[in-house]
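> Below are the sequence and a predicted model; questions follow.
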Amino acid sequence: MQILIGGMLVLMLLGMPIAYALGLSSLIYVATCTDLSLMVVAQRVCVGADSLVLLALPFFLLAGEIMNAAGITRSLTRLALAIIGPPRGGLSYVVVAVNVLVAMVSGAAVASAAAVGSTMVPMMEKQGYPRSFAAALNAAAATVGPIIPPSVGFIIYASVSGASVGKLFLAGTLPGVLLAFGVLAVCVLMAYRHGYPAGERHSRRELWQSFREALPALLMPVIILGGIFGGLV
């Protein structure tokens, strides 16, 4: 065990990525401290990864990257801006709303924070929000990702324990929504306490145009979650 932990720490200190450090140190430990054949280890790794449930993980992350690269996140941002409109601190509410929408596709906090933060943090700075508040708000809102469906953490737990993915997603829906409303409540208090600027009022025409642009992005969570809860996947 000392070889495993020591080797992993040494490799990480040398700058090796964590995944490679874990794999290489485990390989060294198996080869030097156990009687297991490397062929058996390789077979067990393949059997453990042979799961349709785990196959969903890279595709959820891919969907989040596609949304970011294709500018779909910006379309969601424009729609949220048009809907929320003039209340004081409106941009902070937009950050929470867009993080929830992105989380319903990617299922991961890091993907949500990266996709939304690259757009919203500079926008909030231009409107007079402190950079520290903008970054902290984006990080807090992104924590909805591991809770609200389709959560990557729930998928891993279901794969290990054999639990139902659909039931886990249903169990995470209400806590995720409550967490989002909790962050919104803090945004309201901060907006009136520090006098953050109000948003702009948008016409119905602008709202309709923003909705049409964001419609493909809005359909992605419907397709993913509808397929899971409907028993199609």
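Sure thing, it's come through. Residues are numbered from 1 along each chain as shown.
> Pop the domain breakdown of the chain in here.
Split into domains by automatic domain parsing, the chain comes to 2-49, 52-229.
> Of these, which stretch is the most buried?
domain 52-229 (a mean of 18; mean count of other Cβ atoms under 10 Å). C-beta coordinates here come from the backbone N, C-alpha and C atoms, glycine included.
> And that one, how far out from the chain middle?
Here the centre of domain 52-229 is set off from its chain's centre by 8 Å, with Cα atoms, centre = their mean, to the nearest Å.
> For the longest helix along the chain, the averaged confidence score.
The longest helix of the chain (DSSP state H) is helix 165-194. For helix 165-194, the mean pLDDT works out to 88.
> From the contact counts, what lies against it?
With contacts taken as 3 or more Cβ pairs under 8 Å, 6 or more residues apart in numbering; DSSP states H and E, helix 165-194 sits against helix 90-106, helix 131-142, helix 152-161, helix 204-229.
> Export these as JSON lines, with columns for distance to L178.
Listed next are the helices and strands packed on helix 165-194 as JSON lines, based on distance: least, Cβ to Cβ, whole Å:
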{"stretch": "helix 90-106", "distance to L178": "12"}
{"stretch": "helix 131-142", "distance to L178": "13"}
{"stretch": "helix 152-161", "distance to L178": "17"}
{"stretch": "helix 204-229", "distance to L178": "18"}
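> And these: which comes nearest T32?
helix 152-161 (27.9 Å; Cβ to Cβ).
> Dump that closest one to PDB, restricted to CA.
These are the backbone C-alpha positions of helix 152-161, laid out as PDB (Å, rounded to 0.1, in the frame of the first residue of the first chain):
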ATOM      1  CA  VAL A 152     -23.100  12.400 -13.400                       C
ATOM      2  CA  GLY A 153     -22.800  11.500  -9.700                       C
ATOM      3  CA  PHE A 154     -26.100   9.700  -9.700                       C
ATOM      4  CA  ILE A 155     -25.100   7.700 -12.800                       C
ATOM      5  CA  ILE A 156     -21.900   6.500 -11.200                       C
ATOM      6  CA  TYR A 157     -23.700   5.600  -8.000                       C
ATOM      7  CA  ALA A 158     -26.400   3.700 -10.000                       C
ATOM      8  CA  SER A 159     -23.600   1.800 -11.900                       C
ATOM      9  CA  VAL A 160     -21.900   0.800  -8.600                       C
ATOM     10  CA  SER A 161     -24.900   0.000  -6.500                       C
END
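> ok and it relative to helix 90-106, angle-wise?
Per axes from the mean of the first three to the mean of the last three Cα atoms, to 10 degrees, the angle that helix 152-161 makes with helix 90-106 is 30 degrees.
> Show residues contacting helix 152-161.
51, 53-54, 56-57, 60-61, 107-108, 145-146, 163-165, 168-169, 172 (Cβ atoms under 8 Å, 6 or more residues apart in numbering).
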